[in-house]
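J.: Sequence plus the predicted model coming up.
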Amino acid sequence: MTENNTEKASKKYEYSFDYIQKKLEGKKDSYGMLMKEIVRTGVCTECGTCAAVCPVLEWDHLAGQPKLVGKCTGCGICYNQCPRTITDPDQLIGEFKTGYVTNTDIPEAIGYQDGGTVTSLLCYLFDEHLIDAAIVTMKDPEKPWFPVAQIITNKDDAIRSSGSIYCHSQTVEALMEAVREDYRSIAFVGTPCNINAVNKMYNSPTGMLKYFMRANILTIGLFCMDSFAPEALYPFFEREGVDLSKVEKMDISKGKFHIYYDEDGEPVKSYKISQLDKFKSSSCNFCTDLTAEEADISIGSVGSGANKNTVFARSGIGTEIIEDAGKKGYLTVEPFNAINLNSVLFLAKLKKVSQYNIQKRKVFIVRDRDEEEEPKIESKPEEGQKPTFDIKPIIDARRALSVKRNLNEEAKTLELSITNTIGFLLEDLKIRIAIVDDVFEKNVWNTKIKELFPYEEIDVNYPLEEKDGELILGEVLIEASTQKYGKIYSKTYKLKK
Ligand SMILES: Cc1cc2nc3c(=O)[nH]c(=O)nc-3n(C[C@H](O)[C@H](O)[C@H](O)COP(=O)(O)OP(=O)(O)OC[C@H]3O[C@@H](n4cnc5c(N)ncnc54)[C@H](O)[C@@H]3O)c2cc1C
Ligand code: SF4
Ligand code: SF4
Ligand code: SF4
């Protein structure tokens with residue numbers, strides 16, 4: 001290993017370690033996650049590694065999957081050894097030279113999305129005569145909030161192009177136009193899929209750009225979780241009373257889509273992203289790249305806090321540009337740390353593992369347990385052999401589940417996130433929710449969950465009732481039980497606005 005590689009590996013180890021440590025403390029990468037992401041989705045290769053590394057996991061030869069035979073501590077070891085889980089930071093966000101947290105330092109930059117880094121970099125590149133054109137996306141003057149890809153050649157237009165439009169934009173068409181118009185040094189701003197297109201045209205054996213390319217292209221990739229079909233999304237907003245011509249900003253943060261008439265004010269409408277799923281562009285369901293892994297510079301908001309950007313400089317020129325823009329007063333550049341990185345890794349992982357839920361991969365072999373029952377040989381474990389457990393755990397009713405609550409007045413629901421914290425598989429879990437008015441129960445709602453694995457979290461939305469346009473609040477009773485353990489949760493909470 002060369003010195004450089006050694007340095008790189010130790011840097012990588014440093015942040016991987018923090019990442020894993022945090023995950024283990026949060027008990028997120030547990031057996032529940034392994035079952036949910038890998039086994040249930042049919043991605044498991046049946047290698048048996050998970051069972052090999054854990055004293056409370058056995059290989060179930062009949063079901064062809066790991067089986068929990070004791071109390072899971074949620075240590076995450078099985079999850080982190082499985083060859084099918086995506087846990088290596090490089091696999092999640094690609095390689096980069098340096099990470100930064102940045103924001104604009106130029107007073108002219110206005111109307112930017114997060115920290116204004118993209119706009120400020122374009123201003124720097126024009127001022128320094130490092131580019132003669134840039135490819136950006138602006139709002140269509142004819143159709144509010146529809147994206148149009150544009151060639152721009154000056155700083156004022158760079159400032160006008162600020163802000164995100166959460167729809168596909170045909171940026172490569174504008175790039176090809178710029179190449180035909182003989183621009184020689186072009187900054188290209190685009191989503192990861194846009195960057196993938198440019199990269200393929202430039203680098204693949206069948207790519208066409210390299211054959212007649214006379215332009216140098218600097219790729220600036222935007223982080224991207226998903227985009228929406230404007231033909232479907234905007235009519236929905238209009239039906240909801242939004243006047244698109246008055247909208248100044250759209251923003252996605254913390255799982256919600258916000259619409260603003262005044263950038264500095266409160267949003268006029270906010271939706272959970274899951275409410276807008278039906279308007280999502282279908283291609284985004286097949287996308288695994290959150291952070292524009294092939295760009296020279298990747299820029300997003302996750303992990304950096306409000307009005308700032310998370311930035312990855314991936315190429316040498318990318319690093320040079322960020323650092324020089326910082327030195328020349330275009331950007332405030334702060335160092336990036338493991339806390340920023342954890343948020344990016346977490347989101348990147350959500351995007352990568354969502355692939356596992358693609359229906360076409362779900363091919364299950366149904367095995368007939370009665371016919372194939374194997375002879376069981378009961379014996380005491382020998383020294384060095386894994387002990388087997390007679391599972392009759394005593395469930396502490398107060399600690400079997402953890403329930404997080406959120407009153408969503410707009411959606412008229414009580415949102416519950418229920419986690420199995422006991423470490424044993426909970427089968428046929430019955431959940432009962434009701435509003436308690438004196439001694440009477442109202443609006444009783446029951447649901448049954450077939451399996452809740454250790455440390456697995458499920459979301460339940462309890463619909464609230466209204467009277468005279470007001471939500472009926474008060475005390476809410478949440479109960480859970482299984483046939484095996486009886487009642488394992490029962491609590492009453494006061495619902496307040
Ligand atoms: C569809 C989409 C989804 C995104 N999802 C996430 C996410 O999940 N997490 C996250 O951290 N960040 C996401 N971003 C990136 C984020 O919205 C900001 O673009 C990024 O943080 C840069 O902020 P800024 O203040 O530097 O941008 P600004 O300085 O305001 O510059 C924004 C630049 O984005 C370009 N642009 C706007 N819309 C598009 C488009 N549709 N296609 C191509 N280029 C466009 C403009 O040309 C402009 O140059 C997304 C962006 C888009 C376009
Ligand atoms: S204790 Fe639980 S999380 Fe840890 S290795 Fe075993 S099954 Fe996996
Ligand atoms: S380690 Fe992963 S792939 Fe291997 S058997 Fe366990 S779940 Fe399946
Ligand atoms: S999610 Fe992927 S396919 Fe969809 S806009 Fe973003 S980068 Fe493109």
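T.: Good, I have the coordinates. Ligands and ions are numbered 1, 2, ... in the order given.

J.: Now stretch 39-51: average pLDDT?
T.: The average pLDDT within stretch 39-51 is 93.

J.: likewise stretch 484-497?
T.: 85.

J.: cool, and stretch 355-375?
T.: Mean predicted confidence for stretch 355-375 is 45.

J.: Likewise for stretch 306-318?
T.: Computed over stretch 306-318, the average pLDDT equals 96.

J.: And stretch 176-185, by the same measure?
T.: pLDDT averaged over stretch 176-185 gives 93.

J.: Are it and ligand 1 in contact anywhere?
T.: No - on the criterion CB under 6 Å from any ligand atom, stretch 176-185 is out of touch with ligand 1, staying 13.9 Å away. In this view, the C-beta of every residue, glycine as well, is placed from N, C-alpha and C.

J.: Can you tell me what sits against that stretch?
T.: 130-133, 135, 151, 153, 186, 209, 213-216, 218 (CB atoms under 8 Å, 6 or more residues apart in numbering).

J.: and it, how far from the chain's centre?
T.: Relative to its chain's centre, stretch 176-185 lies at 35 Å (CA atoms, centre = their mean, to the nearest Å).

J.: interface residues of the stretch 101-250 of the chain facing ligand 1?
T.: Checking the stretch 101-250 of the chain against ligand 1 by CB under 6 Å from any ligand atom, the hits are 112-119, 136-137, 147, 161-167, 169, 171, 189-191, 222-225, 227.

J.: okay, who's weakest in the contacts of stretch 176-185 by pLDDT?
T.: Confidence by pLDDT is poorest for Met213 among the contacts of stretch 176-185, given 66.

J.: neighbours around whatever residue of the stretch 351-497 of the chain ends up closest to ligand 4, how many?
T.: Nearest residue of the stretch 351-497 of the chain to ligand 4: Lys351, at 7.6 Å (CB to the nearest ligand atom). Number of residues near Lys351 (other CB atoms under 10 Å) recorded here: 21.

J.: That one and ligand 2, how far apart?
T.: 23 Å (CB to the nearest ligand atom, to the nearest Å).

J.: list the contacts for that residue?
T.: 225, 287-290 are the contacts of Lys351 under CB under 8 Å, 6+ apart.

J.: near ligand 4, which of the residues of the stretch 101-250 of the chain next to ligand 1 show up?
T.: Checking these against ligand 4 (CB under 6 Å from any ligand atom), the matches are 191, 224, 227.

J.: Closest one to ligand 3 out of those residues, please.
T.: Cys224 (28.8 Å).

J.: shouldn't Phe453 be in contact with Val39?
T.: No - applying CB atoms under 8 Å, one finds Phe453 not in contact with Val39, separated by 9.3 Å.

J.: still on that earlier bit, same list, the ones next to ligand 4 among the residues of the stretch 101-250 of the chain next to ligand 1, but as TSV with neighbour count and distance to Leu34 please.
T.: As requested, these are arranged in TSV below (neighbours: other CB atoms under 10 Å; distance: CB to CB, whole Å):
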residue	neighbour count	distance to Leu34
Thr191	25	31
Cys224	23	28
Ser227	23	31
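
J.: Secondary structure added to those residues, as JSON lines?
T.: Compiled in JSON lines, these are given as follows (DSSP: H, G, I helix; E, B strand; the rest coil):
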{"residue": "Thr191", "secondary structure": "coil"}
{"residue": "Cys224", "secondary structure": "coil"}
{"residue": "Ser227", "secondary structure": "coil"}
